[in-house]
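[1] generate a structure from the sequence data that follows.
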Amino acid sequence: MSSSAQWTHSEEAALLAHHYQIGDLIERGPLSTVYRAVHRTSSKLFTVKSIDLQKYTANSGLTRDDVDKEIEICAQLKHSFLCELKDVIAGEKAVHMVFEFLDGDDICFEIVKRASAGFVYSEAVASHYMKQLMLALQYMHSQGIVHRDIRPHNVVLASKDNSAPLKLSGFGVALKLDSPDSIVLGGCHYMKQLMLALQYMHSQGIVHRDIRPHNVVLASKDNSAPLKLSGFGVALKLDSPDSIVLGGRVGTPQFMAPEVVSNVEYGTKADMWSAGVLLYILLCGRLPFVGSRRKIYESITEGRYSHHGGTWQSISNSAKDLLIRLLTVDPHKRISAEEALNHEWIRERDRAAPKKHLQSTVEQIRRYNSRRKLKSNILATVNNEKWLMNSSSPHESTCSVLSGDTLPGGDTCDADGCTRRGPEQTMPDDLNGVEKILTSLDQIATLSDPPFTAEPVDQSPDGLLDDPGLRNLLLVSAAQVICEPFKAKLLTLFFFLISATAYVHLETGA
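    I've put the predicted structure just below:
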């Protein structure tokens, strides 16, 4: 076994090495490591996702059951546009998931590579890829599975061939529903059950006084399991109870559906919204929702985004119509994968999707990719063991594992992460600094990119400069940063930010 794979010494690792020759490291995330591997008997190339269970359970709040659920879902999915799980080697210390090898890059990187090589990128090409994504989602949804993390990093081309098919991957937070028509129970559902429990207690003249997640438990692991309130050690007869918010948002903030952001019941239509965000990027090269966490969530729940002016002047009305139907706030009115496949922009691509090269879109996607790479480098730095060991809050190390999925500015090209961190959780001060910088990168890009017309207020240059967080970050001096308790870390990230700002200005000629 090569030295790159010797991160764990266990029977599972020995068994893996017996069947596979472990090769180059592809990605190292906070919770898993991805390698290239060759099957010793067939000489076929595969991708191995190795999960160190001790790190996984200690740093993410997840359990072995979550890994087993991911394996169960992946084993069920067999479709030409889904990355297929081929083998699993599991034990008490580690789990190794062997997937088919995908030689292509994620869709945004491939678009730029191919355009740079002289190939045309047009609406017809985007329509071709969206059709494949819709077919993948149609199949998943028919199996009662919600992906919950549709974003460019998880939409990969199978090879470098010009005709390579799209493959949807990244099933770490996928959820199996009881039936295709089922819904995921969000915070409002649980709050209703909690209120019924408290109503009864109060009718008995009793106030709980310790309403917190530890005392609010689901009766079983079933999706429909009822809530049970426990922990009556400090219960007393008082006037009113404390409130609590249950549930959590899952996925990458910019790609979350309104119902996920609002913490209400949701189902397969949540994936369709995320697909709409991806379509937005494929058409104009930008994210539709940019800003602080609060601004992103407000824009999503209100359905505020721009598809006028600038690049959009060269986009067909048919493409815009599909986009609007996908980015519909009400999930009951949002189209399904089957309906999207019947939309003229996909069904009648030769007629409805123009073949004109979208050079402006390619340039914007290239800049978007650069920001994703920079964010990934920042996250790799803060997830480094030396960083975590030197954290200003070492006793809170379980909150210190970050990924692009946990932060509003974290649309990265990273491997994985603690995607279930709830919005009610706080981060140590040094990681709050990281969050501010990641968020600022997209804001700075909006300030320096050629503007659209009719931009939403919170995405226009004037609106962004009204954000005190961004304004203070741009005005802060190195001397001020040094005065902070976490001076060394933020100083390093400060120079990351300055470099990124300069890079964006150079790229746009500003």
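[2] please enumerate the strands of the chain.
    Taking DSSP state E, the strands of the chain run over residues 20-28, 32-39, 45-52, 85-90, 94-100, 145-146, 155-157, 166-168, 175-176, 216-218, 227-229.
[3] pLDDT below threshold where in the stretch 301-450 of the chain?
    378-450 (pLDDT under 70).
[4] what do you get if the cut-off is 80, keeping everything else the same?
    374-450 (pLDDT under 80).
[5] show me the domain layout of the chain.
    As given by the TED database, the domain ranges for the chain are 12-100, 105-173+250-360, 189-237.
[6] could you identify which of those domains is most buried?
    Among the domains of the chain, the stretch with the highest mean neighbour count (mean count of other Cβ atoms under 10 Å) is domain 105-173+250-360, at a mean of 20. Where C-beta positions appear, they are placed from N, C-alpha and C, glycine not excepted.
[7] measure it end to end?
    Counting by Cα to Cα, to the nearest Å, you get 21 Å between the two ends of domain 105-173+250-360.
[8] now swap in stretch 102-113 and tell me
    Across its full length, stretch 102-113 reaches 16 Å between end residues, using Cα to Cα.
[9] let me know the pLDDT of the closest residue to residue 57 other than its chain neighbours.
    Nearest non-adjacent residue to residue 57, counting by Cβ to Cβ, 6 or more residues apart in numbering: residue 63, 5.9 Å away. Note on residue 63: pLDDT of 83.
[10] next: the one 3 residues further on.
    According to the model's per-residue confidence, residue 66 sits at a pLDDT of 88.
[11] output the domains of the chain as CSV; include the columns distance to residue 372.
    Formatted as CSV, the domains of the chain follow (distance: least, Cβ to Cβ, whole Å):
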stretch, distance to residue 372
domain 12-100, 13
domain 105-173+250-360, 8
domain 189-237, 33
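[12] can you check which of these gets nearest to residue 373?
    domain 105-173+250-360 (9.2 Å; Cβ to Cβ).
[13] so for stretch 152-160, mean pLDDT?
    94.
[14] likewise stretch 164-180?
    Mean predicted lDDT for stretch 164-180 stands at 88.
[15] same thing with stretch 252-259?
    Rounded mean pLDDT across stretch 252-259 is 88.
[16] and if you look at stretch 69-77?
    94.
[17] using PDB, list the CA coordinates for that stretch.
    Coordinates of each C-alpha in stretch 69-77 appear next as PDB, following Å, rounded to 0.1, in the frame of the first residue of the first chain:
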ATOM      1  CA  LYS A  69     -27.700   5.000   5.600                       C
ATOM      2  CA  GLU A  70     -25.500   6.500   3.000                       C
ATOM      3  CA  ILE A  71     -24.300   3.100   2.000                       C
ATOM      4  CA  GLU A  72     -27.800   1.800   1.800                       C
ATOM      5  CA  ILE A  73     -28.900   4.600  -0.400                       C
ATOM      6  CA  CYS A  74     -25.900   4.400  -2.700                       C
ATOM      7  CA  ALA A  75     -26.400   0.600  -3.100                       C
ATOM      8  CA  GLN A  76     -30.000   1.200  -4.200                       C
ATOM      9  CA  LEU A  77     -29.100   3.700  -6.900                       C
END
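[18] all helices of the stretch 251-400 of the chain, in order?
    Secondary structure of the stretch 251-400 of the chain (DSSP state H, counting those that start in this stretch): helices at 258-261, 269-284, 293-302, 317-326, 337-341, 344-347, 349-352, 359-382, 385-389.
[19] who does the third one touch, helix- and strand-wise?
    Helices and strands touching helix 293-302, by 3 or more Cβ pairs under 8 Å, 6 or more residues apart in numbering; DSSP states H and E, are helix 258-261.
[20] contacts for the helix it packs on, please.
    Applying Cβ atoms under 8 Å, 6 or more residues apart in numbering, the contact partners of helix 258-261 are 148, 186, 249-251, 265-266, 269-270, 273, 297, 300-301, 303, 329, 331.
[21] of the helices of the stretch 251-400 of the chain, which is nearest residue 88?
    Among those, helix 269-284 comes nearest to residue 88, with 24.8 Å by Cβ to Cβ.
[22] tilt between that closest one and helix 293-302?
    100 degrees (axes from the mean of the first three to the mean of the last three Cα atoms, to 10 degrees).
[23] quick one, helix 269-284 and helix 317-326 angle?
    Using the same axes, to 10 degrees: helix 269-284 against helix 317-326 is 150 degrees.
[24] state the mean pLDDT of helix 269-284.
    The model assigns helix 269-284 a mean pLDDT of 90.
[25] how much space between residue 157 and residue 331?
    For residue 157, the distance to residue 331 equals 29 Å [Cβ to Cβ, to the nearest Å].
[26] could you dump stretch 149-165 to PDB, C-alpha only?
    Only the C-alpha atoms of stretch 149-165 are listed here, as PDB (Å, rounded to 0.1, in the frame of the first residue of the first chain):
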ATOM      1  CA  ASP A 149     -27.000  18.700  -2.000                       C
ATOM      2  CA  ILE A 150     -27.300  19.500  -5.700                       C
ATOM      3  CA  ARG A 151     -24.400  21.800  -6.500                       C
ATOM      4  CA  PRO A 152     -21.600  22.000  -9.100                       C
ATOM      5  CA  HIS A 153     -19.200  19.900  -7.000                       C
ATOM      6  CA  ASN A 154     -21.500  17.000  -7.100                       C
ATOM      7  CA  VAL A 155     -22.300  17.200 -10.800                       C
ATOM      8  CA  VAL A 156     -19.300  15.500 -12.600                       C
ATOM      9  CA  LEU A 157     -18.600  14.400 -16.100                       C
ATOM     10  CA  ALA A 158     -17.700  10.700 -16.400                       C
ATOM     11  CA  SER A 159     -14.600  11.300 -18.500                       C
ATOM     12  CA  LYS A 160     -12.700  13.900 -20.500                       C
ATOM     13  CA  ASP A 161     -14.400  12.800 -23.700                       C
ATOM     14  CA  ASN A 162     -16.500  15.500 -25.500                       C
ATOM     15  CA  SER A 163     -19.500  13.100 -25.300                       C
ATOM     16  CA  ALA A 164     -19.000  12.100 -21.700                       C
ATOM     17  CA  PRO A 165     -22.200  11.800 -19.700                       C
END
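[27] adjust the sequence numbering to begin at 456 for everything that follows.
    All right, first residue 456 from here; so that's stretch 604-620.
[28] any weak-confidence spans in the stretch 456-605 of the chain?
    Using pLDDT under 80, the stretch 456-605 of the chain drops low at 456-467, 483-486, 513-517.
[29] go again with 90.
    456-473, 480-488, 507-521, 546-548 (pLDDT under 90).
[30] isn't residue 569 right up against residue 576?
    Yes - look at residue 569 against residue 576 with Cβ atoms under 8 Å: they come within range, at 6.8 Å.
[31] do you know how far residue 522 is from residue 813?
    To residue 813, residue 522 is 41 Å away according to Cβ to Cβ.
[32] now residue 620
    21 Å.
[33] again with residue 534
    Distance from residue 534 to residue 813, by Cβ to Cβ: 29 Å.
[34] residue 607 now?
    16 Å.
[35] which non-adjacent residue is nearest residue 811?
    In space, residue 811 is closest to residue 577, 5.6 Å off (Cβ to Cβ, 6+ apart).
[36] that neighbour against residue 813, yeah?
    Yes - in this structure residue 577 lies within contact range of residue 813 using Cβ under 8 Å: 6.0 Å.
[37] and the closest residue in space to residue 474 that isn't next to it in sequence, what does it touch?
    With sequence-adjacent residues excluded and distances taken as Cβ to Cβ, 6+ apart, residue 474 is closest to residue 495, at 6.1 Å. Taking Cβ under 8 Å, 6+ apart, we find residue 495 in contact with 473-476.
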